[in-house]
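*Asks:* fold the following.
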Amino acid sequence: MGIERSIPKLRGLEPTKNITSILNEALAFYPKPKMFNTDQGSQYTAKAHMNILKKHTIKISMDGKCRATDNICIERFWRIIKYEEIYLNEYKNIKILNRAIEKFIIKSKII
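*Replies:* Just a heads-up that it's a prediction; the model follows:
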């Protein structure tokens, strides 16, 4: 339920505020993960973001700089879903979004 409220917040915020806001909300509603993996984008290396993870004793894992090929398959996977499904539709909540992604994956035989 918590993340569902974050969906409208995605537009118009600076990336760091957006990420920290959603991260705080997720941590308030869901069990904390053992590890948080990201690329080295400025929103993820910002002190505000790093401090939240440290405060909750979440291990921080970052992909190496200029190592896009390390995760090319998953990057391509999300690019396809974003441009062929997510950006073309509007979702009322995270549950509907999850169902749409699942249907897209099955229909497209991506996995």
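
*Asks:* packing partners for the helix or strand of the chain with the lowest mean pLDDT?
*Replies:* Least confident element among the helices and strands of the chain, by mean pLDDT, DSSP states H and E: helix 42-45 (a mean of 76). With contacts taken as 3 or more CB pairs under 8 Å, 6 or more residues apart in numbering; DSSP states H and E, helix 42-45 sits against helix 15-29. The way it works is simple: take the backbone N, C-alpha and C, and place the C-beta from them, glycine included.

*Asks:* buried set for the helix it packs on?
*Replies:* For helix 15-29, the neighbour count (16 or more other CB atoms under 10 Å) marks 16, 18-20, 22-23, 25, 27 as buried.

*Asks:* do you know how far residue 83 is from residue 47?
*Replies:* 32 Å (CB to CB, to the nearest Å).

*Asks:* sorry, slip of the keys, the one I care about is residue 60.
*Replies:* Residue 60 is 12 Å from residue 47, by CB to CB.

*Asks:* pick out whichever of these two has more residues nearby.
*Replies:* Using other CB atoms under 10 Å as the criterion, residue 60 and residue 47 rank with residue 60 on top: 14 against 9.

*Asks:* confirm that one sits in a strand?
*Replies:* Yes: in this structure, residue 60 lies within a strand as judged by DSSP: H, G, I helix; E, B strand; the rest coil.

*Asks:* ok, the nearest residue to it once chain neighbours are set aside - how many residues close by?
*Replies:* Distance criterion CB to CB, 6 or more residues apart in numbering; nearest residue to residue 60, sequence neighbours excluded, is residue 53 at 5.4 Å. Look at residue 53: counted by other CB under 10 Å, it has 19 neighbours.

*Asks:* ok, residue 53 - contacts?
*Replies:* Residues in contact with residue 53 (CB atoms under 8 Å, 6 or more residues apart in numbering) are 23, 36, 60.

*Asks:* which one of the residues you listed is nearest residue 76?
*Replies:* Nearest to residue 76 out of the contacts of residue 53 is residue 36 (CB to CB; 22.2 Å).
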